[in-house]
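Visitor: here is a sequence together with a model predicted from it:
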Amino acid sequence: MRKLHSRVNTASAEFRRYHAHNTALVAEFRARQEASRHARPARDLERLEKQGKMRPRERIAKLLDPATPFLELSSLAANMEYGGESPGASSIVGIGIVSGREVIVRSDDPTVKGGAWYPLTMKKIVRALDIAMENRLPVIHLCDSAGGNLTLQSDLFPDKYVGGRIFRNQSILSKMGVKQLSLVFGHCTAGGAYIPGLSDYSVIVRGSGAVFLGGPPLVKAATGEIVTVEDLGGADMHTSVSGTCDYPASTEDEAILIGREIVAQWDRPQKWPAQWQEPEPPAYDPTEIYGIIPDNIKTQFDMREVIARMVDGSRFHEYQPGYGTTLVCGYAHIWGYKVGIIANNGVLFNDSSLKGAHFIELCNQNNTPLLFLQNITGYMIGQEYERRGITKDGAKMIMAQSCSHVPKFTVMVNGSFGAGNYGMCGRAFDGRFLFAWPNHQIGVMGGEQAANTLVEVKLNQMRRVGLPVDQDEIDRLWQTTHAAYQEQLTAWYSTSQMWDDGILDPVDTRNALGIAIAASLNAPLGPPGYGVFRF
């Protein structure tokens, strides 16, 4: 493959302006992430200390193999919900190495409301188990939760993708032969009791760990029975009487040691043979990405410059470079793994849509994982393009990527608007992982376009019924719509809602993708095949 030739002038005023803008965004991201991970009321930390418990991140650090990476997912989930009282959605999820095996680690966070589950906590757990199923990754649950937040019960219990889905996913994982281990450090109450109950292996800490469908207060209220925590669901009872748990541990350190010994007995999955070569760093400095991404979401830039700072040796074999030029397609390597890259360089026209669909087919034919780099305003609209069949051609691209049998990965590099999000493997299209950068914006359309559209609809409505135009009402509608869109378009909002698997510092993207691609190879490729393409 040829090395990409960069045309970026790193000494220009524009580069320096963009660099300052993006480094400020990354600094804000780091500050938000640091607060989400570590800022807790002193009383909550003191409570853990009195109980003789480690903090959740200490547990994870001791569980993981020394000097191995941990790719944390959705670290800012729920950062704009519940008045900020559920940092990280009260849980920690990530991919790490335990006893030489790639695993998903899922930990309750007892420093937040005793580890109580909020609706987005459940969404985060469900997503973690989805990732485990899609990539055949064993799961280690670090259990320490007071159960569901009962004040939000209508959002926790009845729907498909909340509480019950956790236990459904656990059952399916077991059916698939994907192993699960629960380390019970604290209480597993109500539905949470089924996490160790549905795990293949479980370890429970004597004195602090407990598993029960209803705790002592509920048992007393419901039946009149008075019983202690230990007699109802403690370590000795569950490991010698009920058989709900397998191993008792005297301390958290011992529980983690036993857990690591259990994982060491697991077989190692056979990865499918993706094309791989010795990795090498990019030829261009990845920190230069800060000076490439504009400070205005509407300003165009060449995605090849981003690719050059992300892939091995900055080498890229571009497919059809002279055709459909608003979509860049080609082959590269990331940490040695061959990938097919599809990157936006403008709005998707008929030719770029067809080019994308065909390239996706080629990658599937060659068993090459797909990486989508999104910066898309959508598919081109207007009479001329509809007559050419833009809807039909866009549908071809959506069909091709929806039916792909190779692993798909998406990075939200800049904007993601309209149906372009769909063709470029947005959240709804089952990519293995989807990451975002701090500058990212996402929406059906931009704030100005949405406000202008609603104003036009309102004006037409007034004219149709013969009402005079109320300019004050029109102005209020524009301002209200624009303000709401501007908040909801941000990366902070989208990651809070878990529309992605987490925000990344652009410089860390290559490493995150390397871990994600390696993890994806544990799952066998599905059968090739497509639906009906409209010609």
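Guide: Perfect, I can see it now. Numbering: from 1, shown residues only.

Visitor: please export the C-alpha coordinates of the helix or strand hosting K392 as CSV.
Guide: Here K392 sits within helix 390-402, counting by DSSP states H and E. The C-alpha atoms that make up helix 390-402 are tabulated as CSV, following Å, rounded to 0.1, in the frame of the first residue of the first chain:
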residue,chain,number,x,y,z
ILE,A,390,-30.9,9.0,-4.8
THR,A,391,-33.4,7.2,-2.5
LYS,A,392,-32.9,4.0,-4.4
ASP,A,393,-29.1,4.3,-4.4
GLY,A,394,-29.0,5.3,-0.8
ALA,A,395,-31.1,2.2,0.0
LYS,A,396,-28.5,0.0,-1.8
MET,A,397,-25.8,1.3,0.5
ILE,A,398,-28.0,0.8,3.6
MET,A,399,-28.9,-2.8,2.4
ALA,A,400,-25.2,-3.6,1.8
GLN,A,401,-24.0,-2.5,5.2
SER,A,402,-27.0,-3.8,7.1
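
Visitor: tell me who's in contact with the closest residue to G88 other than its chain neighbours.
Guide: Closest residue to G88 apart from its sequence neighbours, by CB to CB, 6 or more residues apart in numbering: S36 at 4.9 Å. All C-beta atoms are positioned from the backbone trio N, CA, C, and that covers glycine. Residues in contact with S36 (CB atoms under 8 Å, 6 or more residues apart in numbering) are 75-76, 79, 87-88.

Visitor: switch to 6 Å and redo it
Guide: Residues counted as contacts of S36 (CB atoms under 6 Å, 6 or more residues apart in numbering) are 75-76, 87-88.

Visitor: repeat that for A523.
Guide: So A523 contacts 135-136 (CB under 6 Å, 6+ apart).

Visitor: measure how buried L362 is and give me the count.
Guide: L362 is flanked by 14 other residues according to other CB atoms under 10 Å.

Visitor: specify the local secondary structure of it.
Guide: Assigned by DSSP: H, G, I helix; E, B strand; the rest coil, the conformation of L362 is helix.

Visitor: for Y201, which non-adjacent residue is spatially closest?
Guide: Excluding the flanking residues, the one nearest Y201 by CB to CB, 6+ apart is L181, at 4.5 Å.

Visitor: strand partners of the one helix or strand that neighbour maps to, parallel vs antiparallel please.
Guide: Element membership of L181, judged by DSSP H and E, is strand 180-189. Paired with strand 180-189 in the same sheet, following DSSP bridges, are strand 139-145 (parallel), strand 201-205 (parallel), strand 210-212 (parallel).

Visitor: next helix or strand past the helix holding K392?
Guide: According to DSSP H and E, the helix or strand after helix 390-402 is strand 408-417.

Visitor: what packs against that following strand?
Guide: Other elements packing on strand 408-417 under the criterion 3 or more CB pairs under 6 Å, 6 or more residues apart in numbering; DSSP states H and E are strand 370-376, strand 433-436, strand 441-443.

Visitor: buried ones in the helix or strand that the shortest one is followed by?
Guide: Read it as strand 441-443. Next helix or strand after strand 441-443 toward the C-terminus (DSSP H and E): helix 447-464. In terms of neighbour count (16 or more other CB atoms under 10 Å), helix 447-464 has its buried residues at 447, 449-451, 454-455, 458.

Visitor: which phi and psi does W276 have?
Guide: Dihedral pair for W276: phi -150, psi 150, per degrees, to the nearest 10.

Visitor: no, scratch that, I was asking about P196
Guide: In this entry, P196 is assigned phi and psi values of phi -70, psi -30 (degrees, to the nearest 10).

Visitor: again, but for A67
Guide: phi 60, psi 30.

Visitor: check S250 too.
Guide: Dihedral pair for S250: phi -80, psi -30, per degrees, to the nearest 10.

Visitor: what pLDDT does the model give it?
Guide: Here the pLDDT value assigned to S250 is 97.
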